[in-house]
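Chemist: Okay, predicted coordinates and the sequence, questions at the end:
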Amino acid sequence: MTMRLATLFAALVFFSGGAFAQAATVAVAANMKDAFAEIVAASPSLGKPEMKVVYGSSGNFATQIMNGAPFNLFIAADEKFPLELFNKGRTIDEGAVYAIGKLAIITQKSSGIALSDSKSDMAKAISRANKVVIAKPELAPYGRAAVQYLKAEGLWNIAKDKLVYADNIGAATTYVLSGAADIGFTALSLARSPEVVRQTSFLLVDPNLYEPIKQRMVLIKGAPPEAVDLYRFMQGPQAKLILQKYGYTTQ
């Protein structure tokens with residue numbers, strides 16, 4: 001390779017590397033899928049360079065980040081996993097709570113199962129169900145909240161043998177939509193989404209029956225400007241209005 005070609009090749013590597021370094025990769029808790037898509041669309045600074053968004057469970061994301069996964073911003077479904085990353089030196093700081101989530105129960109409209117605030121009615125509904133789906137409690141905060149609710153209401157013994165566990169809250173919702181489970185615990189934000197509303201009815205769970213789902217986000221060290229812009233936009237009034245629209249409480 002001639003000196004001129006070698007110099008040109010080095011320059012191309014430098015500039016392409018810089019372009020990739022500016023593209024943000026964001027890990028987003030599955031409960032945020034619809035709300036986050038609207039937030040990204042509303043943010044004036046996003047779009048170029050291309051931003052990569054991955055949805056999944058907070059626990060899986062935390063493990064992946066600890067193992068070096070190239071995420072720049074972690075928008076979690078709770079505080080536990082982001083703070084663990086902070087304590088292990090992976091984040092810029094402790095981050096910020098951007099929303100407080102709410103737990104809901106859904107069932108297919110065609111199932112004939114009625115959801116009710118009444119403990120006795122819920123016991124009957126669970127007894128009638130073929131399967132009850134929750135997200136894995138060790139990975140997903142909404143799964144932990146579902147277990148807390150079932151135990152607080154004295155429904156655990158009725159439900160435990162019917163439980164199936166999904167990797168994240170989005171997958172748990174899909175179980176009900178597909179008919180694989182008659183009853184599912186999900187986020188209110190997903191229960192309100194147009195696709196889910198068409199097929200299911202939902203019940204908002206009394207928030208006093210589970211620990212508050214404080215959803216925290218953190219910037220990973222070395223995050224590019226686009227990730228920082230999104231992090232700041234998520235705390236602004238426009239994003240908060242969108243989050244409230246999807247059933248979240250904001251501070």
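Modeler: Thanks, I have it.

Chemist: Mind jotting down where the helices sit in the stretch 101-250 of the chain?
Modeler: All helices of the stretch 101-250 of the chain, identified by DSSP state H, counting those that start in this stretch, fall at 119-128, 141-152, 156-159, 169-178, 188-191, 194-199, 225-233, 237-245.

Chemist: how about these in TSV, adding mean pLDDT?
Modeler: Below are those laid out as TSV (pLDDT from 0 to 100):
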stretch	mean pLDDT
helix 119-128	96
helix 141-152	97
helix 156-159	97
helix 169-178	96
helix 188-191	95
helix 194-199	93
helix 225-233	93
helix 237-245	96
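
Chemist: okay, those helices in TSV with distance to T91 next?
Modeler: Any C-beta I mention is one placed from the backbone N, CA and C, and that applies to glycine too. Shown next, in TSV, are those (distance: least, CB to CB, whole Å):
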stretch	distance to T91
helix 119-128	39
helix 141-152	18
helix 156-159	35
helix 169-178	23
helix 188-191	24
helix 194-199	32
helix 225-233	11
helix 237-245	20
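
Chemist: Quick check: nearest residue in space to the residue nearest the centre of the chain, chain neighbours excluded?
Modeler: Centroid-nearest residue in the chain: A29, 2.1 Å away (criterion: CA atoms, centre = their mean). Counting by CB to CB, 6 or more residues apart in numbering, A29 lies nearest to A77, which is 3.6 Å off, once chain neighbours are set aside.

Chemist: same question, A180
Modeler: Ranked by CB to CB, 6+ apart and with sequence neighbours excluded, the top spatial neighbour of A180 is K131, at 6.7 Å.

Chemist: For the one you found, give me its contacts.
Modeler: Shown in contact with K131 (CB atoms under 8 Å, 6 or more residues apart in numbering): K162, L163, V164, Y175, A180, A181, D182, I183.
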